[in-house]
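> here is the input, now give the coordinates:
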Amino acid sequence: MDRPSELLVLTPPGRARAVQTAGLTPVHLAYRVGEGPHLFRSSQPLALRGGILAMDCPRPADRGDPGAFCQEVLRECAARGFQGVFCAFEGAPAPLLRRIAAALEPLLARRNWPLYVPEAYAADGARILISSALSGGSLRLRLEEAVERYGPERVVLLVEPLSEDFPLPSPTGQGVPLTREALSRRREELQPAVFFSSELCAHYFTYMAKGDGAHFVLFDDAGSIRKKLQIAAALGISRAVLALEQAEELLPGLLRPSPGGK
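Down below sits the predicted model:
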């Protein structure tokens, strides 16, 4: 198998039908954990049904009733025919969000609906999102360790394409993010020799800049993303999450905008 058997696609409002028509699972980027906590949603077509509810939380609250919030999530899933919840939580784990994840997982499990969470929120029984974006170490080893800890059926590869510029040395291991356009300009200007790191499963090149010396640029393309998916599949990981843009690159022609944008 050259990729996990189930591909979930992070889908903005208006593109769900195209994703479903392609036989993929839309993860609807339309929900947010707000003050209360309460579940807030962006405008969605009334006919929208199926897929996974995705919720983020840019400003986590520190108090509130997880139980009441979980019931809001369950009602929205039932009304929309969603069959799972994806927690797009970023940054350091917040106590209230931890309690929400812990309370929500068994409620979803009773309905055979999965909960997808970052590893920092690893509630019992939840599916664990392991990012593909590494600036050091080995992707294969990272996934092997996750499979050993959680089992392959719970591990989900979260494909987060790299495009970063690192000064050398890089004491923090943090690079400067590059847009696709900025990366393209840099490659066109520098005409560097590009190499592939089998450990990071990403492309890279180096260059010298006036004033601050050596730089290391690490980036993904469709080829390196396919390789990441192959590594996951070889380890028995059957699910991966892609942004819509990456899904369109990997599956050209399948994700055409549908009439009416639904």
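
> quick check, residue 216 in contact with residue 173.
No: if you go by Cβ atoms under 8 Å, residue 216 and residue 173 don't touch, sitting 11.1 Å apart. Just so you know, the C-beta spots here come from the backbone N, C-alpha and C atoms, and that holds for glycine as well.

> which of those two has more neighbours?
Using other Cβ atoms under 10 Å as the criterion, residue 216 and residue 173 rank with residue 216 on top: 17 against 9.

> what sits against the more buried one?
Listed by Cβ atoms under 8 Å, 6 or more residues apart in numbering, the contact partners of residue 216 are 165, 166, 167, 168, 170, 175, 204, 205, 206.

> mind redoing it with 6 Å?
Contact analysis of residue 216 by Cβ atoms under 6 Å, 6 or more residues apart in numbering lists 166, 168, 206.

> can you list the weak-confidence ranges in the stretch 151-262 of the chain?
Residues of the stretch 151-262 of the chain that meet the criterion pLDDT under 70 lie in 253-262.

> ok, which stretches of it are strands?
Applying DSSP state E, counting those that start in this stretch to the stretch 151-262 of the chain gives strands spanning 155-158, 163-167, 176-177, 195-197, 202-209, 213-219, 239-243.

> could those go into a markdown table alongside distance to residue 50?
A markdown table is the format used below for those (distance: least, Cβ to Cβ, whole Å):
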| stretch | distance to residue 50 |
| --- | --- |
| strand 155-158 | 19 |
| strand 163-167 | 32 |
| strand 176-177 | 33 |
| strand 195-197 | 38 |
| strand 202-209 | 33 |
| strand 213-219 | 34 |
| strand 239-243 | 17 |
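
> which strands border the helix or strand containing residue 54, and is each parallel or antiparallel?
Here residue 54, judged by DSSP states H and E, is contained in strand 52-56. Paired with strand 52-56 in the same sheet, following DSSP bridges, are strand 25-34 (parallel), strand 85-87 (parallel).

> just give me how far the shortest one sits from the chain centre.
Between the centre of strand 85-87 and the centre of its host chain there is 10 Å, according to Cα atoms, centre = their mean, to the nearest Å.

> what does stretch 102-114 give?
20 Å.

> and stretch 205-222, by the same measure?
25 Å.

> cool, and stretch 11-23?
So, by Cα atoms, centre = their mean, the centroid of stretch 11-23 is 16 Å from its chain's centroid.

> and that stretch, C-alpha only, in CSV?
Below are the C-alpha coordinates for stretch 11-23, written out as CSV (Å, rounded to 0.1, in the frame of the first residue of the first chain):
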residue,chain,number,x,y,z
THR,A,11,-12.0,21.3,4.3
PRO,A,12,-13.0,25.0,4.4
PRO,A,13,-16.7,25.8,4.0
GLY,A,14,-17.9,25.4,0.5
ARG,A,15,-15.7,22.5,-0.6
ALA,A,16,-17.2,19.6,1.3
ARG,A,17,-19.1,18.1,-1.6
ALA,A,18,-16.1,17.9,-3.9
VAL,A,19,-14.1,16.1,-1.1
GLN,A,20,-16.9,13.6,-0.5
THR,A,21,-17.4,13.0,-4.3
ALA,A,22,-13.7,12.0,-4.4
GLY,A,23,-14.4,9.3,-1.8
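
> give me the buried stretch members for the strand holding residue 54, please.
Neighbour-count burial for strand 52-56 flags 52, 53, 54, 55 (criterion: 16 or more other Cβ atoms under 10 Å).

> in TSV: those residues, plus pLDDT.
Converted to TSV, those look like this (pLDDT from 0 to 100):
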residue	pLDDT
52	97
53	97
54	97
55	96
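
> and the residue nearest the centre of this protein?
Residue closest to the mean C-alpha point of the chain, counted by Cα atoms, centre = their mean, is residue 158 at 4.1 Å.

> and that residue, what does it touch?
129, 131, 241.

> one more time with 7 Å
By Cβ atoms under 7 Å, 6 or more residues apart in numbering, the residues touching residue 158 are 129, 130, 131, 132, 241.
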